[in-house]
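Visitor: Using only what follows, build the 3D model:
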Amino acid sequence: MINSLDEFLEPIKSLTISSLDDKGNPFSSYAPFVKINHKYYVYLSLMAKHSSNLTKNPNSSIFFCEDEQDCKNIFAKKRVSIQCTTKRLEQNTNEEKEILEQFSKKFGNEMITMLHKMGDFYLFEFTPFYGEAVFGFGKAYNLGGKNFDEFLDRANFGNTGHGKK
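Guide: Have a look, this model is predicted:
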């Protein structure tokens with residue numbers, strides 16, 4: 001049993017971002033991430049479609065999923081979906097420097113330095129406001145608590161799960 005959101009996320013290096021374009025159409029892709037102080041960060045080029053989507057519309061969703069080769073049942077992959085508000089951070093600030101240091105620790109300094117030198121990469125910050133976690137059949141939870149990182153039994157919200165029809 002997974003006991004915490006951080007325990008589930010620990011081996012995961014990337015997340016899937018779902019954003020909305022200027023016509024309200026959904027767009028999904030992935031990006032490497034770091035989590036700091038209960039917020040999630042990605043480093044995106046302004047050329048990436050997500051950059052313009054997230055700049056124009058701060059509503060987004062991020063998704064984490066167990067690797068297929070690690071799952072016991074393809075219909076019950078462990079996964080977490082988190083709805084967020086998003087903002088693009090300013091470049092060349094102490095905040096950017098501190099977050100990029102965490103990216104360097106996780107992914108290697110050489111890659112982050114190269115991306116930073118390109119000049120069109122910005123950090124995007126995802127702040128959770130709702131989430132759900134599924135860790136198998138009958139093991140679905142809402143994310144709650146002050147930082148949306150606690151598993152809350154859905155039965156407490158009137159959801160009784162799978163039943164016979």
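Visitor: all contacts plus neighbour counts: C-alpha atoms, from now on.
Guide: Will do.
Visitor: which stretches of this protein have low pLDDT?
Guide: Scanning the chain for pLDDT under 70 picks out 155-165.
Visitor: For residue 36, grab phi and psi.
Guide: Backbone torsions of residue 36, given as degrees, to the nearest 10, read phi -140, psi 130.
Visitor: Could you say which helix or strand holds the nearest residue to it once chain neighbours are set aside?
Guide: Leaving aside its sequence neighbours, residue 36 sits nearest to residue 99 (C-alpha to C-alpha, 6 or more residues apart in numbering; 7.9 Å). Counting by DSSP states H and E, the element that carries residue 99 is helix 94-107.
Visitor: residues of that helix that come out buried?
Guide: 99-104 (16 or more other C-alpha atoms under 10 Å).
Visitor: Quick one: those as a markdown table, columns for distance to residue 93 too.
Guide: Shown next, in a markdown table, are those (distance: C-alpha to C-alpha, whole Å):
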| residue | distance to residue 93 |
| --- | --- |
| 99 | 10 |
| 100 | 11 |
| 101 | 12 |
| 102 | 15 |
| 103 | 15 |
| 104 | 16 |
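Visitor: Kindly spell out which helices and strands sit in contact with the helix holding residue 99.
Guide: When contacts are defined as 3 or more C-alpha pairs under 8 Å, 6 or more residues apart in numbering; DSSP states H and E, helix 94-107 packs onto strand 34-36, helix 109-118.
Visitor: redo that, cut-off 10 Å
Guide: strand 26-32, strand 34-36, strand 39-45, helix 109-118, strand 121-134 (3 or more C-alpha pairs under 10 Å, 6 or more residues apart in numbering; DSSP states H and E).
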